[in-house]
Each structure stands twice: as C-alpha cells, then as structure tokens.
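> show me how the following folds:
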Amino acid sequence: MSRIGKKPVPVAKGVEVRLDEAVLHVKGPKGELSLDVNPEMAVAIEDGEITVTRPSDSQKHKALHGLTRSLIANMVEGVTEGFTRQLEIVGVGYRAEKKGPGLTLHLGYSHTIEYPAPEGIELETPSQTKIVVKGTDKQKVGQVAAEIRGFRPPEPYKGKGVRYAGEQIRRKAGKTAGS
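Alright, predicted model coming up:
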C-alpha cells in the first residue's frame with residue numbers, strides 16, 4: 001500500500017463532502033472546490049473520513065492512489081484554512097502596490113506590469129516589497145506566485161528580483177579587475 005494513499009483524510013467540522021459519480025465536491029467556510037476523481041480509484045466517505053482505495057498494485061495505480069489522496073487532503077485544508085504564499089521584492093526602485101483586485105508591479109522595466117488577480121485568489125501588499133497570495137486552491141496559489149516571480153526572477157549577481165519568502169539565492173562572484 002502507498003504510505004500516503006492508505007491514510008484516511010479527516011473531514012473537519014463545518015466541511016461538507018459529497019461524491020457525485022466521479023466528481024468530489026468539498027464545501028467549507030472559505031469556499032467550495034471540486035475534483036474529477038480518476039474512475040479507477042474508489043473514494044469512500046464514512047464516519048467523518050475520506051478513504052481512497054486502488055484496484056491493483058500496478059505502478060500506475062500506486063501513483064494515482066497517493067496523488068488522489070493528496071489532492072483530496074489539500075481540498076479539505078484549503079476550504080478550512082486556505083493557503084498562502086509570500087513573495088519578497090529586492091532591488092532599488094522595485095515595488096508592488098495593490099490596485100483594485102490586482103497588482104501594479106514596478107520591476108525596473110521601462111513600463112509597469114499590471115497583474116489582475118485570477119478568480120479565487122486574493123492578493124495583498126503589506127509593504128511595498130512584500131506580496132501575499134491567498135486562496136483555497138493550493139495549485140492555483142502556487143501558480144499565481146510563480147507567475148509573479150516570473151516577471152523578474154532573482155538574478156545571481158546582486159540578488160535583485162522577486163523571490164519567495166525565505167528563498168536562498170545562490171550568488172556568483174562578479175568580474176574581477178585585471179592585473
């Protein structure tokens with residue numbers, strides 16, 4: 001058995017889970033998410049827990065088993081607590097400001113970058129050099145954070161750019177003066 005796949009997913013209080021054919025719906029205080037479950041995986045909801053079982057021990061079924069369980073666990077966590085990803089902006093004159101539901105980014109280019117927030121994602125700027133991405137869908141939160149980071153990834157010489165909070169940037173030595 002898969003170590004991850006065989007663990008049941010506990011359903012928190014205030015979370016409503018229902019299975020319609022091959023679609024799992026999870027509704028909680030922060031929102032509602034749905035997942036198209038692979039028809040080969042069997043999902044059961046009993047006694048406040050969701051269990052996933054697989055039909056055989058083939059490599060494909062083992063992989064799907066753990067994946068399905070992880071996706072369901074992330075959905076339950078997302079509708080109860082939500083997910084956040086923090087970004088830091090490093091560089092002279094680099095800054096971000098909230099404008100409506102989206103962001104305006106000044107990242108050293110000759111133009112500003114307008115980034116509209118996708119549906120289900122909340123963007124915050126506690127300071128000019130910090131961005132917080134919040135949402136219920138873990139994959140969407142990570143994707144939005146990666147897109148914002150992609151506008152100006154950190155460079156290895158001075159470390160300027162947009163980075164994840166706590167991300168270590170491997171620095172390179174610059175050119176040395178000739179003798």
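> per-domain residue ranges of this protein.
Recorded structural domains for the chain (assignment: automatic domain parsing) are 9-80, 83-164.
> lowest average pLDDT across those?
Among the domains of the chain, domain 9-80 carries the lowest mean pLDDT, at a mean of 91.
> ends of that one, what's the gap?
The straight-line separation of the ends of domain 9-80 (CA to CA, to the nearest Å) is 13 Å.
> do stretch 5-23 as well
Stretch 5-23 has an end-to-end distance of 18 Å (CA to CA).
> and the domains of the chain: which comes nearest Gly174?
For Gly174, the closest of those is domain 83-164, at 5.7 Å, according to CB to CB. For glycine as for every other residue, the C-beta is placed from the backbone atoms N, C-alpha and C.
> quote the end-to-end distance of that closest one.
Across its full length, domain 83-164 reaches 14 Å end to end, with CA to CA as the criterion.
> mind putting the domains of the chain into JSON lines with distance to Arg170 and mean neighbour count?
Listed next are the domains of the chain as JSON lines, based on distance: least, CB to CB, whole Å; neighbours: other CB atoms under 10 Å:
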{"stretch": "domain 9-80", "distance to Arg170": "29", "mean neighbour count": "16"}
{"stretch": "domain 83-164", "distance to Arg170": "6", "mean neighbour count": "16"}
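> just give the nearest non-adjacent residue to the residue nearest the centre of the chain, would you?
Residue closest to the average C-alpha location in the chain (CA atoms, centre = their mean): Gly142, at 2.9 Å. Leaving aside its chain neighbours, Gly142 sits nearest to Arg85 (6.4 Å; criterion: CB to CB, 6 or more residues apart in numbering).
> who's that neighbour bridged to?
Beta-bridge pairing for Arg85 (DSSP bridges): Val133.
> pull the distance from stretch 5-14 to the chain's centre.
20 Å (CA atoms, centre = their mean, to the nearest Å).
> please apply the same query to stretch 108-116.
The chain centroid and the centroid of stretch 108-116 are separated by 23 Å, computed with CA atoms, centre = their mean.
> try stretch 151-169
The chain centre lies 19 Å from the centre of stretch 151-169; the measure is CA atoms, centre = their mean.
> what does stretch 9-19 give?
21 Å.
> give me the contacts around it.
Outside stretch 9-19, the residues that touch it by CB atoms under 8 Å, 6 or more residues apart in numbering are 24-29, 37, 43, 45, 48-52, 69, 72-73, 76, 79-80.
> equivalent analysis for stretch 57-68, please.
1-6, 37-38, 40-41, 43, 52-55.
> that older thread, need the domains of the chain in a markdown table (columns: distance to Gly174).
Below are the domains of the chain laid out as a markdown table (distance: least, CB to CB, whole Å):
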| stretch | distance to Gly174 |
| --- | --- |
| domain 9-80 | 42 |
| domain 83-164 | 6 |
